[in-house]
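> sequence first, then the predicted structure, then my questions.
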Amino acid sequence: MIAMGMVRRAATRAALAAGFMCAIVNVAAASDTPLRASLIEAARAFDEAALHVNDSQPADLVRWAGPIFLAVSDIEGLQDLAPEVEASVRSLAEIAGITVVRVGTDDPRRNFLVREADPAGRAACRASVYSQAGRITRVEVELWRASRAIRRCANHEVMHAFGFRSHAHGAASILSYRQRHQAGFSELDRLLVATLYDPRLQAGMKPAAGSAAACGIIAERLGLTAQAAGTLCTGEMFAAAGR
Ligand SMILES: [Zn+2]
């Protein structure tokens, strides 16, 4: 689950219709089929999770641009959780190239808070992501102590907190509600983070531009040639792949 704060809603339906995703044409050799399938899955997951909010409206790209000042509250009965959550944040931050400084919960520099959800509130984990001009300024992750899958819950919300404000239900990702047995970050999750923080993408990028650039980056990381990526990552093929 994710709650949005100060979300820019400048992205329009027109941007969606213009083709904010890339897709695939049948130009690669048969031996490239696994790579092409990986590209479809990863590019689709990126578009769904990074260029939308709450499984619905298209959204501009957001990400951290400066250091994370992380505060994690201990949760009663879950003493191992705080260090595990910190390790998760650090593992994604390392991929993103973002510095993490652990601070106390009362530190005025705190911009990434992990705490227990209100026991009297809704029975769910959630992340609130605040951004300005595409730069994440503050994040608050609330963990529902009674969750039967608290670690999965925490890692799911930490992914949201890095700028993935929606989900990728069809992918092998912690951001999919269907991957109920996945508690940690998958290879695809790490690829998504590396893509979002690639310097060729920019904070505040519009969905169409972000999608095309991300597809090229993913194709390159998967080992497809620049020529293949240039052909594969075009809006025209989108419909052919059913995206
Ligand atoms: Zn979620």
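Perfect, I can see it now.
> report the central residue of the chain.
Closest to where the C-alpha atoms of the chain average out (CA atoms, centre = their mean) is F164, at 2.7 Å.
> against L61, how distant is it?
Applying CB to CB, to the nearest Å, the value for F164 to L61 is 10 Å. From N, CA and C alone the C-beta is placed, and that goes for glycine too.
> between those two, which contacts overlap?
Common contacts of F164 and L61, defined by CB atoms under 8 Å, 6 or more residues apart in numbering, comprise A50, L196.
> before we move on, back to that, how about the residue nearest to the centre of the chain, secondary structure?
Going by DSSP: H, G, I helix; E, B strand; the rest coil, the secondary structure assigned to F164 is coil.
> helices or strands up against the lengthiest strand in the chain?
When the chain is parsed with DSSP state E, its longest strand is strand 135-143. Secondary-structure packing of strand 135-143 (3 or more CB pairs under 8 Å, 6 or more residues apart in numbering; DSSP states H and E): helix 81-96, strand 112-116, strand 126-132, helix 150-161.
> next, the angle strand 112-116 makes with that strand.
Here strand 135-143 runs at an angle of 10 degrees relative to strand 112-116 (axes from the mean of the first three to the mean of the last three CA atoms, to 10 degrees).
> ok, D107 - how many residues close by?
Each residue near D107 was counted by other CB atoms under 10 Å, and the total is 13.
> how about the one 4 residues further on?
By other CB under 10 Å, the residues close to N111 number 21.
> which residue ranges of the protein form helices?
Taking DSSP state H as the criterion, the chain carries its helices at 13-17, 33-50, 81-96, 150-161, 187-196, 207-222, 226-232.
> hang on, the earlier thing: buried sites along the longest strand of the chain?
By neighbour count with 16 or more other CB atoms under 10 Å, strand 135-143 contains the buried residues I136, T137, R138, V139, E140, V141, E142, L143.
> was I right to think the third one contacts R109?
No: the pair R138 and R109 fails to qualify as a contact (CB atoms under 8 Å) at a distance of 11.1 Å.
> OK, contacts around E76?
By CB under 8 Å, 6+ apart, the contact set of E76 is E116, R145.
> low-confidence stretches in the chain?
For the chain, residues meeting the criterion pLDDT under 70 lie at 1-32, 235-243.
> break it into its domains for me.
2-60+197-237, 68-163 (automatic domain parsing).
> turn these into JSON lines, columns for distance to Q182.
Formatted as JSON lines, those follow (distance: least, CB to CB, whole Å):
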{"stretch": "domain 2-60+197-237", "distance to Q182": "13"}
{"stretch": "domain 68-163", "distance to Q182": "7"}
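> now these as a markdown table including distance to the ion?
Putting those into a markdown table (distance: least, CB to the ion, whole Å) gives the following:
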| stretch | distance to the ion |
| --- | --- |
| domain 2-60+197-237 | 5 |
| domain 68-163 | 5 |
